[in-house]
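Asks: only geometry, no sequence info:
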DNA sequence: AAAATTTCGTACTAATCAGTATATTTGTGT
DNA sequence: ACACAAATATACTGATTAGTACGAAATTTT
């Protein structure tokens, strides 16, 4: 998993040839930054190749066309930025700490160097390009659904164990948590500082657990 | 206010000439739909002129360039779709009914014909084009701030009157309400049906008032 | 009715877009 | 050392982009 690229370890160790002179992961992360800042349509191939430090044919050879690169960038973002927050939530036994950790870890991913908040790549982009790339949208919807399901199960356990009141019920809490994370990303994107958003975390935690 | 167009009632009733053969408001609303569906960069002038039923020079004569049209479309959207929800909130004396009405009226604006939810134009777009149009972003931030301030004042009154517990405090409630409206718009954009979102309104109301 | 003035319709322009053809470089396998 | 294969760099392609020039059409004012 993770090595579903085009010309990366195709099937057994095959032929020789000139070795690649750039790191695929580093290039992909550079592409993430560009898409994050400019969106799909707003990111030109000149922008991308410049940021990735490679030229056009190398990009096409390694990643396919612009849309394929975008999909891989989204997947890489979800794996490296989005997933850790969800994992942290599930790893923490205490539900209050887990919820707090979820927002904190998400915020970490929503901020870059220092105070500069940038929001969530997926939350910021998907709404826009919707309709023009239905498969990607479907994939992301499935991922969101799986994450939501995990949240529901966790809250069900906590309610059953008596750690949380039965109302709001588990699906309602899961929805609230996802919604407030999305809202945090939105605020990060639209100018809120990291300090602002950290201060709001207790409010969000209380809304989910109260 | 509202008549800050370019060639619309410039200054007194001036000269003669061939009359305009399209309705400016109708054309602007058609432009809103296109931007709503495709975003700023994704909406080409061909898309726009086709939907608006006018040709290029008429568009430029009436609205200015693409960016000016976009700004006017955003302003028109805020006035006709966004504002009514806020007004309904402030008009309803009972805070529970007011909060519920805010989400309901917002949802109404986030849905179009029948079940087809489309989200919020502003929430969906601004994050993306950010940086490329700083003035528009600033204007919208100011508007959001003014709305937030109105929410805070209302919640302060309700807390002072003993209709709500003092914690969470008024700013926290205002932030929660705005965030959950934004989240509702996001869900509307990413596939949730109107029925789904209506069912979630009590959860949101409780999160704000609880 | 004629002049003045504004809009409208067609067609154009220069720039930019994603994607590719071609040729050169750089390595591996024998 | 030689042949082969993959990646590189440059430069190109056709399509699409936002914006405009120009002449014809449609009104009001004189």
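Replies: Noted; the coordinates are in hand. None of these values were measured; they are calculated from a predicted model.
Asks: wait, does the helix ranked longest in chain A contact chain B?
Replies: Taking DSSP state H as the criterion, chain A has its longest helix at helix A:134-160. Yes. In terms of Cβ under 8 Å from any Cβ of the partner chain, part of helix A:134-160 sits within range of chain B, namely A:137, A:141, A:144. Where you see a C-beta, it was placed from the backbone N, CA and C, and this is true even at glycine.
Asks: so what does that helix touch, helix or strand wise?
Replies: Based on contacts counted as 3 or more Cβ pairs under 8 Å, 6 or more residues apart in numbering or on different chains; DSSP states H and E, the elements that helix A:134-160 packs against are helix A:66-77, helix A:83-91, helix A:95-110, helix A:121-129, helix A:170-189.
Asks: For it, what is the distance to the chain centroid?
Replies: On the basis of Cα atoms, centre = their mean, to the nearest Å, the separation between the geometric centre of helix A:134-160 and that of its chain is 14 Å.
Asks: Quick one: find the helix or strand in chain A with the lowest mean pLDDT.
Replies: Ranking every helix and strand in chain A by mean pLDDT, DSSP states H and E puts helix A:121-129 at the bottom, with a mean of 71.
Asks: Redo the helices and strands packed on helix A:134-160 as a markdown table? Include distance to residue A:198 and mean neighbour count.
Replies: Rendered in a markdown table, the data for the helices and strands packed on helix A:134-160 read as follows (distance: least, Cβ to Cβ, whole Å; neighbours: other Cβ atoms under 10 Å in any protein chain shown):
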| stretch | distance to residue A:198 | mean neighbour count |
| --- | --- | --- |
| helix A:66-77 | 22 | 20 |
| helix A:83-91 | 15 | 16 |
| helix A:95-110 | 7 | 20 |
| helix A:121-129 | 19 | 23 |
| helix A:170-189 | 10 | 23 |
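Asks: Mind telling me which of those the model trusts least?
Replies: Confidence, taken as mean pLDDT, is least for helix A:121-129 of the helices and strands packed on helix A:134-160 (a mean of 71).
Asks: Distance check, residue A:85 against residue A:123.
Replies: 13 Å (Cβ to Cβ, to the nearest Å).
Asks: actually residue A:158, not the one I wrote
Replies: Distance check for residue A:158 against residue A:123: by Cβ to Cβ, it reads 26 Å.
Asks: For the closest residue to DNA strand D within chain A, give me the pLDDT.
Replies: Per Cβ to the nearest atom of the strand, the residue of chain A with the smallest distance to DNA strand D is residue A:17, at 2.0 Å. If you check residue A:17, the pLDDT there is 87.
Asks: now for stretch A:87-96, what's the gap between its first and last residues?
Replies: For stretch A:87-96, the first and last residues are 15 Å from each other (Cα to Cα, to the nearest Å).
Asks: Give the burial count for residue A:39, as a bare number.
Replies: Residue A:39 is flanked by 25 other residues according to other Cβ atoms under 10 Å in any protein chain shown.
Asks: go on, residue A:203?
Replies: Other residues near residue A:203 number 20, with proximity taken as other Cβ under 10 Å.
Asks: Find the nearest non-adjacent residue to it, please.
Replies: Counting by Cβ to Cβ, 6 or more residues apart in numbering or on different chains, the nearest residue to residue A:203 once its immediate chain neighbours are dropped is residue B:172, at 4.5 Å.
Asks: Up against chain B, what does chain A have?
Replies: Remark: the part of chain A in contact with chain B comprises A:37, A:39, A:41-42, A:119, A:123-132, A:137, A:141, A:144, A:168, A:172, A:175-176, A:178-180, A:182-184, A:186-187, A:189-191, A:200, A:203-204, A:206-207, A:210, using Cβ under 8 Å from any Cβ.
Asks: one more time with 7 Å, if that's ok
Replies: Proximity of chain A to chain B (Cβ under 7 Å from any Cβ of the partner chain) is limited to residues A:37, A:39, A:41-42, A:119, A:123-128, A:130-131, A:141, A:168, A:172, A:175-176, A:179-180, A:182-183, A:186, A:189-191, A:200, A:203, A:206-207, A:210.
Asks: quick one: is the one helix or strand residue A:49 maps to near DNA strand C?
Replies: Using DSSP states H and E, residue A:49 falls within helix A:45-52. Yes. Against DNA strand C, helix A:45-52 shows contacts by Cβ under 7 Å from any atom of the strand at A:45, A:46.
Asks: What helices and strands are in contact with that helix?
Replies: Helix A:45-52 makes packing contacts with helix A:24-42, helix A:56-63 when contacts are defined by 3 or more Cβ pairs under 7 Å, 6 or more residues apart in numbering or on different chains; DSSP states H and E.
Asks: Go again with 6 Å.
Replies: Helix A:45-52 sits against helix A:24-42, with contacts defined as 3 or more Cβ pairs under 6 Å, 6 or more residues apart in numbering or on different chains; DSSP states H and E.
Asks: and the helix it packs on with helix A:45-52, angle?
Replies: Between helix A:24-42 and helix A:45-52, the angle formed by their directions is 150 degrees, by axes from the mean of the first three to the mean of the last three Cα atoms, to 10 degrees.
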